[in-house]
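Novice: Have a look at this prediction, sequence included:
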Amino acid sequence: MATMTSLIGLINKIQRACTVLGDHGGEGFSLWEALPTVAVVGGQSSGKSSVLESVVGRDFLPRGSGIVTRRPLVLQLHKLDDGQQEYAEFLHAPRRRFSDFAVVRQEISDETDRITGKTKQISNVPIQLSIYSPHVVNLTLIDLPGLTKVAVEGQSENIVQDIENMVRSYVEKPNCIILAISPANQDIATSDAIKLAKEVDPSGERTFGVLTKLDLMDKGTNAVEVLEGRQYRLQHPWVGIVNRSQADINRNVDMIVARKKEREYFETSPEYGHLAHKMGAEYLARLLSEHLELVIRQRIPSIISLINKAIDELNAELDRIGRPIAVDSGAKLYTILQMCRAFDKVFKEHLDGGRPGGDRIYGVCDHQLPAALKKLPLDRHLSSKNVERVVTEADGYQPHLIAPEQGYRRLIEGSIGHFKGPAEACVDAVHLILKELVRKSIAETVELKRFPTLQSEIASAANDALERFREESRRTVARLVDMEAGYLTVEFFRKIHLEPEKEKDHKNPSRSAPNPTMDSTDHLRKIASNVNAYINMVCDTLKNSVPKAVVHCQVREAKRSLLNHFYGQVGQREKDQLGAMLDEDPALMEKRSQIAKRLELYKQARDNIDNVAWK
């Protein structure tokens, strides 16, 4: 089995790595939150700072009245071999070692002011401090602002609730061990730390009670009932601490000397002598470290399971946003073609119905084109006055004898000419829809999000291809209209029978004599009616053939060969040009880098925990 030192030391290193990567909370899985920590909780002036300094064996925390701890302090203790020089490191000051702990104290104050300013306000942004020393046990402690009941001058009215909310955010986590600090010279029933611990840990499984200032109790009183668990019972034993006096602090009494004086106090005390073997800062540190090791061992399977789950999720995220690209030309070209195929797949899904958009093309063909054809000004073109003009001009100086064939042809050609506008409008409407689908498809292609330059290149190539398809479609629909005008359907006119004159007379018995004016009007109306009937037939034909041409020339070609020309161009580009196309969004590159670092951290943590815990 692994030693306590190696296992807890490993957890410390993992926690520090988590903090470096920003993996200390927030949404989703956090390795930091999966690992046990010890949160130090107490009211203002309860002796929290003195307890921490006693555990560390160094005087390194800022002191003063009011709220001194205004940011959480994540304190990681790393045990060194005897004889090694102790030092401290801050996360915000990497590669700088502090061997003077008075400078450490000043650095904590300066770093606190950097976030909160020289005010009495608080911040939930933690300070990360690691101390390496032969005089400590491997342990992670979180020093939190002291609980208070009243806001003093210079503090917001919400400061009381803000501090409690911050403390709760740490101690509510099931992996948090609560170190509840209470002064012995106050009634334990009024302890802010015990009250809060009872709320978040009613069973007391996670709570360790620490009683400070035993030497400051009124004469004739003692805290034996509390320390023996008779006044307020916890699942873990209470620990009494005797802090340095203010006089000792003022004289800079060494912490090692203070620990010795603390041991002597308990050993010689008539009230606490029988408890001396489990009192004092050194015992508290060992107790916490042993319990922390026990908790870690119990939770190793669940921690490993959570880590494995996180590794799977991070791998999936890397697959989604894309792995790093190789540097050779072949790999870059392969990546570009992969991106193009991914885009092409999304684009086809829009057209074929897997995604919205293709239905709009159907709407153009089935609704917009017929509506536009109905609005053509054919009534004006086939008015009696215009029919008379066209028919008269068509025959020149020789009037027609039976039927004005040239007049019919010119009226039909003129009418059919109106169909070009709606047909070309159909082409343009489908073109705009296809362009919009290209834009949407690029935005929806997840693989392309990391390459803004390639997005632009694909958009440009696709739009160029759509322009070519539109021009071909315009020429095709224009040919369809011209073909209808260039060759008329003779069967239609062979079925037209002019009504016999006698039939007209039979229908109008009141007419006793010919009326040249009336006959001329009926004649022109009949011509207009025949032409209109033929145009309606042509209109029905074009309503079917124009959409077919548009789909064939634009939609089908877009599905089949939208990027064919682009593929040919890309294949001829040099390595540097290909690299320029794969110029990624810096934010995405940073995201991938962070994911890769977290992934490496989780893999190392899993392997190291396995090796250390079970070897």
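Specialist: That came in fine, so what should we check first? Residues are numbered from 1 along each chain as shown.
Novice: for the closest residue to Gly357 other than its chain neighbours, helix, strand, or coil?
Specialist: Nearest residue to Gly357, sequence neighbours excluded (C-beta to C-beta, 6 or more residues apart in numbering): His350, at 4.0 Å. No exception for glycine: its C-beta is placed from N, CA and C like everyone else's. With DSSP: H, G, I helix; E, B strand; the rest coil as the basis, His350 sits in helix.
Novice: ok, now the one 5 residues further on?
Specialist: Applying three-state DSSP to Arg355 yields a three-state assignment of coil.
Novice: Can you tell me, leaving aside adjacent residues, what's nearest to it?
Specialist: Once flanking residues are discounted, Arg355 sits nearest to Glu349: 4.5 Å by C-beta to C-beta, 6+ apart.
Novice: Can you show me the strands along the stretch 201-350 of the chain?
Specialist: 207-212, 239-240 (DSSP state E, counting those that start in this stretch).
Novice: Tell me which strands the first one pairs with, and in which orientation.
Specialist: What it means is strand 207-212. Paired with strand 207-212 in the same sheet, following DSSP bridges, are strand 176-183 (parallel), strand 239-240 (parallel).
Novice: residues touching Val364, list them.
Specialist: The contact partners of Val364, by C-beta atoms under 8 Å, 6 or more residues apart in numbering, come to Cys426, Ala429, Val430, Ile433.
Novice: give me the element the residue nearest to it when sequence neighbours are not counted is part of.
Specialist: Once flanking residues are discounted, Val364 sits nearest to Ala429: 4.6 Å by C-beta to C-beta, 6+ apart. For Ala429, the host element (DSSP states H and E) is helix 420-444.
Novice: Next, the buried residues of that helix.
Specialist: 420, 422-424, 426-427, 429-431, 433-435, 437-438, 440-442, 444 (16 or more other C-beta atoms under 10 Å).
Novice: Likewise for stretch 169-185?
Specialist: Neighbour-count burial for stretch 169-185 [16+ other C-beta under 10 Å]: 170-171, 173, 175-184.
Novice: repeat for stretch 359-366
Specialist: Quick answer for stretch 359-366 (16+ other C-beta under 10 Å): Arg360, Ile361, Val364, Cys365.
Novice: which residue packs closest to the first one, ignoring adjacent ones?
Specialist: The spatially closest residue to Arg360, leaving aside those adjacent along the chain, is Ile433, at 5.0 Å (C-beta to C-beta, 6+ apart).
Novice: about what we covered before: pipe the strands paired with strand 207-212 into TSV and attach distance to Leu524 and mean pLDDT per row.
Specialist: As requested, the strands paired with strand 207-212 are arranged in TSV below (distance: least, C-beta to C-beta, whole Å; pLDDT from 0 to 100):
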stretch	distance to Leu524	mean pLDDT
strand 176-183	99	92
strand 239-240	117	94
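Novice: between those strands, which one is nearest to Ala533?
Specialist: The closest of these to Ala533 is strand 176-183. By C-beta to C-beta, the value is 88.8 Å.
Novice: secondary structure element for Leu75?
Specialist: Secondary structure assigned from DSSP H and E places Leu75 in strand 73-79.
Novice: Now do that strand: which elements does it pack against?
Specialist: In terms of contacts (3 or more C-beta pairs under 8 Å, 6 or more residues apart in numbering; DSSP states H and E), strand 73-79 is packed against helix 4-20, helix 48-56, strand 127-133, strand 139-143.
Novice: Tell me the strands beside that strand, with direction?
Specialist: In the sheet, strand 73-79 lines up against strand 127-133 (parallel), strand 139-143 (antiparallel) (DSSP bridges).
Novice: So which of those strands is nearest Thr476?
Specialist: Closest among those, using C-beta to C-beta: strand 127-133, at 70.1 Å.
Novice: For the closest one, buried residues please.
Specialist: Buried residues in strand 127-133 (16+ other C-beta under 10 Å): Ile127, Gln128, Leu129, Ser130, Ile131, Tyr132, Ser133.
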